[in-house]
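[1] I'll drop the sequence and a predicted model, then ask my questions.
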Amino acid sequence: MEAGSSTPLLDGRGVKDARITLANTLGLYGPIGALSQSLLGGVGVKTITLRRHQKLFFLQEGKPRLFVVKKGWVGICHSVKNYGQDIGNVYMPGDIVGLRESFFDHQDVAILALQHCELERVAAEDLHELFEAHDDIRKAIVSYVMVNDNIAIARLRSCTHHKAEERVAHYLLEVYARYRFKQDDDADFFSLPITQEVIGELLGMTSVHVSRCMTALEQKKLIRKSRTVVKLLEPEQLKEQTGFDEQLMYGHVYMS
């Protein structure tokens, strides 16, 4: 990894690390100077916990908030009335939820806890002030948004061009790449604690279809899966079959 910081935030199992902070996370996406690191460390945060299926709205008293995921996986819901409706994206430890959304008016967006999780809440207006005043913070934030947009675009392209089994394989490679970027590690196994229903919502498939695709990939000896951990047995073959290209997601970060 040749990003702004080489500090790994996770191990191969996705275990929470005390180094998951706003400054360290943004530092993966661009070099941040000592002054800016200190200022980011001084942004007021509050640690909150969510139970599985609990929701949390982005806006409070009309002010946007964003969240650094410390433990557990969460999703963003754009239709917040019922669980399982319209999960637009999912986030793992070491991600910042709501960073892009904080620059827009998204009053109906909520975070959905996909398992028991721990978040650090940050006042968006405080980070926006640093965004305006410090070039290195601004570049890192823009880079973070660009990478996550690249990931979403690659997933959409997979859903529109590939059959179901390839879509699932592409998503597994996506998660694998996200872990590798955070931990600077080539471990071939990773935590995947979300349900097949959630994966199906992201890929436009039913949970039954996701299950069948996972089974097919296992039977072909391309992956091995336990309840919450996936091991990629033939990652290069999966990349060739799905057209997965990590450089399309992270290339500008690697070159910065």
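    Structure received.
[2] Is the closest residue to residue 143 other than its chain neighbours in a helix, a strand, or coil?
    Counting by Cβ to Cβ, 6 or more residues apart in numbering, residue 29 is the residue found nearest to residue 143 once chain neighbours are left out, at 3.9 Å. No exception for glycine: its C-beta is placed from N, CA and C like everyone else's. Here residue 29 is recorded as coil under DSSP: H, G, I helix; E, B strand; the rest coil.
[3] Can you show me the helices along the stretch 101-250 of the chain?
    124-133, 135-161, 164-183, 196-203, 207-219, 235-242, 246-255 (DSSP state H, counting those that start in this stretch).
[4] how about those, which one is nearest residue 116?
    The closest of those to residue 116 is helix 196-203. By Cβ to Cβ, the value is 15.2 Å.
[5] Give the full set of residues in contact with the residue positioned nearest the centre of the chain.
    Centroid check for the chain by Cα atoms, centre = their mean gives residue 91 as the closest residue, at 3.6 Å. Counting by Cβ atoms under 8 Å, 6 or more residues apart in numbering, residue 91 touches 69, 73, 74, 75, 76, 97.
[6] Return the backbone torsion pair for it.
    When read as degrees, to the nearest 10, the backbone of residue 91 gives phi -130, psi 140.
[7] how far away is residue 119 from residue 227?
    24 Å (Cβ to Cβ, to the nearest Å).
[8] When those two are compared, which one has more neighbours?
    Between residue 119 and residue 227, residue 119 has the larger neighbour count (other Cβ atoms under 10 Å), namely 26 against 6.
[9] Name the nearest residue to the more buried one, sequence neighbours excluded.
    residue 67 (4.3 Å).
[10] part of a strand, is that neighbour?
    Yes: using three-state DSSP, the assignment for residue 67 is a strand.
[11] mind checking how far it is from residue 215?
    Counting by Cβ to Cβ, the gap from residue 67 to residue 215 is 35 Å.
[12] out of those two, which sits in the busier spot?
    residue 67 (25 against 12).
[13] ok, the more buried one - contacts?
    Here residue 67 is in contact with 56, 74, 96, 97, 98, 111, 119, 120, 121, 122 (Cβ under 8 Å, 6+ apart).
[14] do residue 196 as well
    With Cβ under 8 Å, 6+ apart, residue 196 has these contacts: 207, 210, 211, 214.
[15] Top of those by number of neighbours, please.
    Counting neighbours by other Cβ under 10 Å, residue 210 leads the contacts of residue 196 with 24 neighbours.
[16] Please report how far that residue lies from residue 31.
    Residue 210 is 39 Å from residue 31, by Cβ to Cβ.
[17] swap in residue 23?
    On the measure of Cβ to Cβ, residue 23 and residue 31 end up 12 Å apart.
[18] swap in residue 158?
    Distance of residue 158 to residue 31, given as Cβ to Cβ: 31 Å.
[19] So which of those two has more stuff around it?
    residue 158 (21 against 13).
[20] got a pLDDT number for the nearest residue to the more buried one once chain neighbours are set aside?
    Counting by Cβ to Cβ, 6+ apart, residue 170 is the residue found nearest to residue 158 once chain neighbours are left out, at 4.1 Å. Looking at residue 170, its pLDDT reads 98.
[21] looking at it, residue 170 is touching residue 162, isn't it?
    Yes: assessed by Cβ atoms under 8 Å, residue 170 is found in contact with residue 162 at 6.5 Å.
[22] Give me the common contacts of those two.
    Contacts common to residue 170 and residue 162, judged by Cβ under 8 Å, 6+ apart, are 242, 243.
[23] So which of those two has more stuff around it?
    With neighbours defined as other Cβ under 10 Å, residue 170 and residue 162 compare such that residue 170 has more, 23 against 17.
[24] which residues touch that one?
    Contacts for residue 170 (Cβ under 8 Å, 6+ apart) come out as 154, 155, 158, 162, 242, 243, 244.
[25] Filter those residues down to the buried ones and express that as a PyMOL selection.
    A single PyMOL command selects the buried members of those (16 or more other Cβ atoms under 10 Å):
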select buried, resi 154+155+158+162+242+244
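[26] Before I go, just wanted to say thanks for your time.
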